[in-house]
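J.: Sequence first, predicted model second:
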Amino acid sequence: MNPKRQTIHFEKKLIDKDALKVLKVLHNAKFEAYLVGGCIRDLLLGQRPKDFDVATNATPEQIHKLFKRSRLIGRRFPLVHIMFSARKYIEVATFRASHSHLNKGGVARDNHYGTLKEDVFRRDFTINALYYDTKNSQVIDFVDGLSAIYEPKICMIGNPIDSFEEDPVRMIRAIRFEAKLDAKLDSIISKTISQKSHLLGSVPPARLYDECVKLFHNEKSYSVFERLLETGLLKHLFQQTSNSKFIKKALNNTSERLKSNKSVTPAFLFSVFLWDSQNKCFDKLKKRNKSNFIAMNEASEEVISRQVKQVLMPKWLSARVKDIWMMQHQLEKCSSKKVNELVANPRFRIAYDFLVLRSQSINPELRHRAEYWTQIQK
Ligand code: ATP
Ligand code: MG
């Protein structure tokens, strides 16, 4: 099967300069190398890509030799990160043969490099399987990914049952891209997700953390949430969370902040998602005559420990979530003597934002209190 090739000149300023440098070095050493995946999808959608990935026929060792500031990561299938600063790197992956191909003779070999064409078939959706040849300014399309982007529709590469069984994370990626592109989800994908949502339970919580942040830190955050509820995926990520006015308000607020280039933090997401459960747990503990402080603390610990069985919360994150919750009581009841101390707290701003969103949704009785803190800051 020959791929379609379409000449497209992307705006130069949208393509990462460091990614272009990496391609140049690989090309000069006579390797094949392309930009691939999400960055091409986003460029075709006229959006600025978050990161640029490179796929090549050079092996990780060969890549590593070509770039002084590079490191090999991952054992089962090594990738190379080429460092451009402490935080910025370009990920370069060697063409990989897909699992189903490997399993054909009943022998699963982990370290199996492939060709460009094979690399296409180990990817998740057709919209994510486009390659860009910078030498000819051509998009290389083996799977009708271009038409899927323009339609837009989310189609699986290969059979959804096998693909989701191989990697259940693809189910939540399907929902994310459906919202991002405002696309139609292939009906067979929706059906398979409803049948296979429980497979998410077998994914390590650490891996789900990154994917969850991506699910909600975008401009369609609440639509993603609603779709996760409808498809039954939400309970395998946030079993303690159900829909509420507060969640709607907070997720829409996250999207608005992103649209106006304001910062967002996962601490806010997790504290919103778990707030209702934390409250219920707090009420239960209060009935056992515990002090407010002890009940608050124990309730927070309990709710967080249930959550991390599904999606990991790094230590810094759970600490911050607890701070936001603990500060709600202080913001609601603070005596005028303590006002300055509270405003000077580094967590004040986020706890205040949380209070404001509560007052605008589930706790209208807190409107005056929220207004009070707004005035204090003027
Ligand atoms: P974004 O960066 O906007 O979150 P993305 O599609 O670029 O979206 P990445 O996680 O950066 O997502 O992955 C880069 C590419 O790697 C994808 O476009 C896809 O081709 C492939 N990929 C990522 N995750 C998977 C997966 N779970 N299964 C198969 N292919 C994947
Ligand atoms: Mg990406």
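T.: Arrived safely. Residues are numbered from 1 along each chain as shown. Ligands and ions are numbered 1, 2, ... in the order given.
J.: Spell out which residues of the chain are next to ligand 1.
T.: Residues of the chain lying close to ligand 1 (C-beta under 6 Å from any ligand atom) are 37-38, 50-51, 53, 123-124, 128-129, 167, 169-170, 214. In this view, the C-beta of every residue, glycine as well, is placed from N, C-alpha and C.
J.: ok, now which ones touch the nearest residue to Leu200 once chain neighbours are set aside?
T.: Leaving aside its sequence neighbours, Leu200 sits nearest to His236 (C-beta to C-beta, 6 or more residues apart in numbering; 3.9 Å). Shown in contact with His236 (C-beta atoms under 8 Å, 6 or more residues apart in numbering): Ser197, His198, Leu200, Gly201, Gln310.
J.: For those, pick the one with the most neighbours.
T.: Taking other C-beta atoms under 10 Å as the neighbour criterion, Leu200 ranks highest of the contacts of His236 with 23 neighbours.
J.: sorry, back to before: and the residues of the chain next to ligand 1, which of them are buried?
T.: Neighbour-count burial (16 or more other C-beta atoms under 10 Å) is assigned, among those, to Gly37, Gly38, Asp53, Arg123, Asp124, Asn128, Ala129, Val169, Arg170.
J.: Among those, name the ones in strands.
T.: Within these, residues falling in strands by DSSP state E are Asp53.
J.: Low-confidence stretches in the protein?
T.: The model of the chain has pLDDT under 70 over residues 98-111.
J.: Tell me who's in contact with the residue of it found nearest ligand 1.
T.: Across the chain, the shortest distance to ligand 1 (C-beta to the nearest ligand atom) belongs to Gly38, at 1.9 Å. Gly38 sits next to Pro49, Lys50, Asp51, Asp53, Asn128 when contact means C-beta under 8 Å, 6+ apart.
J.: mind giving me CSV with the residues you listed and columns for distance to Asn2?
T.: Conversion of the contacts of Gly38 to CSV gives the following (distance: C-beta to C-beta, whole Å):
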residue, distance to Asn2
Pro49, 27
Lys50, 31
Asp51, 29
Asp53, 24
Asn128, 20
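J.: quick revisit: let me know the closest of the contacts of His236 to ligand 2.
T.: Ranked by distance to ligand 2 (C-beta to the ion), the contacts of His236 are led by Leu200 at 20.7 Å.
J.: from what I can see the closest one touches Leu237, true?
T.: Yes - in this structure, Leu200 is within contact of Leu237 by C-beta atoms under 8 Å, at 6.7 Å.
J.: From the contact counts, what lies against the longest helix along the chain?
T.: In the chain, taking DSSP state H as the definition, the longest helix is helix 266-287. When contacts are defined as 3 or more C-beta pairs under 8 Å, 6 or more residues apart in numbering; DSSP states H and E, helix 266-287 sits against helix 205-216, helix 245-259, helix 292-307, helix 315-333, helix 348-359.
J.: Report the contact partners of the residue nearest the centre of the chain.
T.: Central residue of the chain (C-alpha atoms, centre = their mean): Lys214, 1.8 Å from the mean position. Neighbouring residues of Lys214 by C-beta under 8 Å, 6+ apart: Arg176.
J.: cool, and the one 4 residues further on?
T.: Neighbour list for Asn218: Arg176, Ala179, Lys180, Val224, Ser255, Leu258 [criterion: C-beta under 8 Å, 6+ apart].
J.: Is Lys21 in a helix, a strand, or coil?
T.: Put simply, Lys21 is helix when judged by DSSP: H, G, I helix; E, B strand; the rest coil.
J.: count of residues packed around it?
T.: 14.
J.: So which residues make contact with the longest helix of the chain?
T.: Helix 266-287 is contacted by residues 212-213, 216-217, 238, 240-242, 244, 246-247, 250-251, 254, 292, 294-296, 298-300, 302-304, 306-307, 313, 317-318, 320-321, 324-325, 350, 353-354, 357 when judged by C-beta under 8 Å, 6+ apart.
J.: Would you mind giving me the PyMOL syntax to select the buried ones in those residues?
T.: Applying 16+ other C-beta under 10 Å to these, the buried members can be selected in PyMOL as follows:
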select buried, resi 212+213+216+217+238+240+241+246+247+250+251+254+295+296+298+299+300+302+303+304+307+313+317+318+320+321+324+325+350+353+354+357
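J.: who in the stretch 51-200 of the chain is up against ligand 2?
T.: Counting by C-beta under 5 Å from the ion, the positions of the stretch 51-200 of the chain adjacent to ligand 2 are Asp51.
J.: For ligand 2, give me its nearest residue in the stretch 51-200 of the chain.
T.: Closest approach between the stretch 51-200 of the chain and ligand 2, counting by C-beta to the ion: Asp51, at 4.6 Å.
J.: and that residue, that one's in a helix?
T.: No - per three-state DSSP, Asp51 lies outside any helix segment and is coil.
J.: For it, what are phi and psi?
T.: Dihedral angles of Asp51 (phi, psi; degrees, to the nearest 10) stand at phi -150, psi 160.
J.: and if you look at Thr56?
T.: For Thr56, the backbone dihedrals (degrees, to the nearest 10) come out as phi -150, psi 160.
J.: who's in contact with the nearest residue to Phe225 once chain neighbours are set aside?
T.: Leaving aside its sequence neighbours, Phe225 sits nearest to Leu251 (C-beta to C-beta, 6+ apart; 5.7 Å). Residues in contact with Leu251 (C-beta under 8 Å, 6+ apart) are Phe216, Ser221, Tyr222, Phe225, Val272.
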